[in-house]
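# Got a predicted structure here, sequence first:
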Amino acid sequence: MPLRAPPWARYESVEAGIASIQAYAKAQGYALRKCGNKYDKRTPPQVRKVFV
């Protein structure tokens, strides 16, 4: 079953919003992870995958 969107809200900062979304996902039995973009080895490097 896919994770439903959390209730709409405004937050003081991006960090507070992300923390709220992670808490919502955890309560539903999901885990969200945050990581950087993956770059390939070309010159100049190009973004290969974008993770949120």
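Here it is on my side, so go on. None of the values given here were measured: they were computed from a predicted structure. Numbering: from 1, shown residues only.

# what sits against R33?
Listed by CB atoms under 8 Å, 6 or more residues apart in numbering, R33 has no contact partners. C-betas here are computed from N, CA, C, even on glycine.

# How confident was the prediction at it?
We have a pLDDT of 74 for R33.

# ok so it is a strand residue?
No. Applying DSSP: H, G, I helix; E, B strand; the rest coil, one finds R33 to be coil, outside a strand.

# P44 versus that one, what's the distance?
Separation of R33 from P44 (CB to CB, to the nearest Å): 27 Å.

# Could you pull up the residues touching I21?
P6, L32.

# From K41, how far off is L3?
Taken as CB to CB, the span from L3 to K41 is 34 Å.

# So for the two, which sits in the more crowded spot?
Counted by other CB atoms under 10 Å, L3 and K41 do not tie: L3 has more neighbours, with 12 against 7.

# For the more buried one, which non-adjacent residue is spatially closest?
Y30 (5.1 Å; CB to CB, 6 or more residues apart in numbering).

# so that neighbour makes contact with M1?
No. Taking contacts as CB atoms under 8 Å, Y30 lies outside contact range of M1: 10.0 Å.

# So these two - more neighbours on which side?
Neighbours were counted for Y30 and for M1 using other CB under 10 Å; Y30 has more, 12 against 6.

# so where does that one fall, helix or strand?
Counting by DSSP states H and E, there is no helix or strand that carries Y30.

# Same question for G17.
Applying DSSP H and E, one finds G17 within helix 14-27.

# as a whole number, average confidence for that helix?
Mean predicted lDDT for helix 14-27 stands at 89.

# which parts of that helix are buried?
Buried positions in helix 14-27, judged by neighbour count with 16 or more other CB atoms under 10 Å: I21, Q22, Y24.

# so the second one touches Q28, yeah?
Just to be clear, that refers to Q22. No. Using CB under 8 Å, Q22 is not in contact with Q28; the gap is 10.9 Å.
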